[in-house]
Structures are given as C-alpha cells and as structure tokens.
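> fold the following.
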Amino acid sequence: MKKISIVVPVYNVEKYIEECVDSLLNQNYQDFEVIFVDDGSKDKSVDKIRSKIEGNTDFRIVTKENGGLSSARNFGLTFAQGEFVTFLDSDDFLDKNYLSMMLEAIGDANICCCGYREITDSGQFIRDVGNNFDKSTDSNIYANVVESINFIPNAWGKIYRRDIFDKLQYPEGMLFEDFAIVYKVFYQEKVKFIDYPLYFYRIRNGSIMRDFNENIIGHKFVILNQLY
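Okay, the predicted model is just below:
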C-alpha cells in the first residue's frame with residue numbers, strides 16, 4: 001500500500017473539528033497519517049482532537065505560532081512522510097471513500113481532483129460540484145483546467161504526489177493564497193479527475209474563503225499574468 005499524508009490546519013474550529021476527525025478515523029483506506037497543525041488555536045479545538053485520536057499513532061498534533069492557513073500547510077508538509085499528500089480544512093470533512101478512490105484514480109498521474117459537496121454551516125446540503133470542464137485529454141492541463149471558468153484553485157479536494165512540494169510553498173501573509181501556487185502546481189503536470197463529491201465543503205458566514213465569489217474568480221487571468 002502507498003502511504004498518504006493528510007495535513008489539517010487547525011485554528012478555532014471547536015464547533016466542527018469532531019466531525020472532521022471522525023471522517024478521518026472512518027476512512028476505509030488504512031495506510032495514511034494525519035498531521036493536525038495547531039496554528040495557535042485559542043479554543044478547545046486541540047483538546048477535542050486529542051481526545052478523539054488518543055492511542056492512534058498515525059494521528060499527531062504539531063504546534064506553531066499563529067501564521068495563517070498557508071503557514072500551517074507549509075509547516076505540516078515538513079512532517080509529511082507519505083508518497084502522496086492531501087489537505088483538509090478543519091471545518092470540512094471527507095467521504096469515507098476519499099483516500100481509496102483518490103489513490104485508485106490517480107494512477108500514474110501527479111494530481112487527482114475530486115468533486116465536492118457544498119453544505120451550510122449546520123451541515124445542510126446546498127449543491128454538488130463536479131469537474132465541469134474538458135477532461136478529454138491530459139496533453140494540455142494548463143489550458144483545459146487552470147484556464148477553465150469552472151476551475152476553483154483550492155488546495156483541498158486534491159491528492160498530490162508529495163515531491164511536487166519539494167520546491168514549492170504556499171505564500172504566506174496573503175488572501176486567496178491558493179491562487180498564487182495552483183498554477184505552478186498544475187503547470188505541465190498530469191491530472192486525473194473524479195466527479196463524485198468526496199469532499200464536504202462547509203460554507204461558513206464571515207469566512208474569507210467562503211466569500212470567494214464569481215467576481216473574484218473573474219479576475220483569475222489578471223492574477224495569472226502577475227504570477228508568470
């Protein structure tokens with residue numbers, strides 16, 4: 001079996017963290033590790049994690065001063081020992097088949113993307129979102145995926161070969177940090193897709209990333225030109 005590392009940044013999510021942890025404990029794939037990055041959380045999030053994972057040596061908590069989502073992801077990656085890595089936001093959760101289906105689908109590719117289900121703050125269904133762009137060829141991922149109007153450059157909902165991040169880091173101290181790295185991650189890489197919604201994405205009122213709307217998406221080509 002191939003080992004998968006899951007990096008979970010944690011900051012003040014005590015309301016949601018138990019559902020997140022349960023979804024990891026219930027995965028039907030066995031060879032994986034979870035790295036919870038305590039990004040200076042001030043509530044009971046870490047205590048709730050600790051009580052859930054007691055005795056599980058494949059789940060661990062690492063602690064750092066608050067630095068934001070990118071800083072937490074970068075820090076977590078330094079502990080990752082798997083051949084593959086995936087990211088989970090601590091207010092979201094995974095289908096029990098997430099790891100097994102993603103690993104099966106990735107094959108000889110470098111990245112695999114799945115569909116996701118949007119839910120409300122309280123967990124009510126909003127809609128399912130698939131990969132609604134041209135997947136007929138792997139020869140021009142940059143054009144067919146990154147430039148697609150349907151592509152959302154989130155770090156989550158994807159599994160990556162760990163060595164992709166050997167020379168890349170998430171930029172720290174900026175909003176919508178996924179924009180600044182996703183083009184570099186996907187550029188000239190071979191990508192596979194699963195339309196099934198394996199990731200549960202929670203829409204929280206007042207969250208910066210949950211306010212990621214069509215107006216911002218419409219500016220991605222401007223951002224792209226600034227990055228290259």
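
> mind checking the SS state of the spatially most central residue of the chain?
Geometric centre of the chain, nearest residue: W156, 1.8 Å, by Cα atoms, centre = their mean. Using DSSP: H, G, I helix; E, B strand; the rest coil, the structure places W156 in coil.

> ok, it - contacts?
By Cβ atoms under 8 Å, 6 or more residues apart in numbering, W156 lies in contact with T86, F87, L88, D89, D92, Y199, Y201. Just so you know, the C-beta spots here come from the backbone N, C-alpha and C atoms, and that holds for glycine as well.

> what about the residue of the chain positioned farthest from its centre, distance to E83?
Using Cα atoms, centre = their mean, the residue of the chain lying farthest from its centre is G55. It sits 25.5 Å away. According to Cβ to Cβ, to the nearest Å, G55 and E83 sit 25 Å apart.

> can you list the low-confidence ranges for this protein?
132-153, 173-184, 186-189, 206-228 (pLDDT under 70).

> okay, helices next: where are they in it?
17-25, 45-53, 69-77, 98-106, 141, 179-186, 214-217, 220-227 (DSSP state H).

> other SSEs contacting the third one?
Contact partners of helix 69-77 among helices and strands, from 3 or more Cβ pairs under 8 Å, 6 or more residues apart in numbering; DSSP states H and E: strand 4-10, strand 32-39, strand 59-64.

> what lines up beside the first one in the sheet?
Applying DSSP bridges, strand 4-10 is found paired with strand 32-39 (parallel), strand 84-87 (parallel).

> next, count neighbours for D163.
D163 has 11 neighbouring residues, counting by other Cβ atoms under 10 Å.

> err, K3, not the other one
16.

> the inter-axis angle of the longest strand anywhere in the chain versus helix 98-106?
Using DSSP state E, we find that the single longest strand of the chain is strand 191-202. Angle between the axes of strand 191-202 and helix 98-106 is 160 degrees (criterion: axes from the mean of the first three to the mean of the last three Cα atoms, to 10 degrees).

> in strand 191-202, which residues are buried?
V191, K192, F193, I194, Y196, P197, L198, Y199, F200, Y201, R202 (16 or more other Cβ atoms under 10 Å).

> packing partners for that strand?
So strand 191-202, by 3+ Cβ pairs under 8 Å, 6+ apart, packs with strand 93-94, helix 98-106, strand 111-119.

> now do the last one against helix 98-106, angle only.
Going by the same axes, to 10 degrees, strand 111-119 is angled at 140 degrees with respect to helix 98-106.

> now do the contacts for the residue nearest to I53 when sequence neighbours are not counted.
For I53, ignoring the flanking residues on the chain, the nearest one in space by Cβ to Cβ, 6 or more residues apart in numbering is F59 at 3.9 Å. With contact set as Cβ under 8 Å, 6+ apart, F59 has these partners: L24, E33, V34, F36, I53.

> so F59 versus R204, what's the distance?
Applying Cβ to Cβ to F59 and R204 gives a distance of 24 Å.
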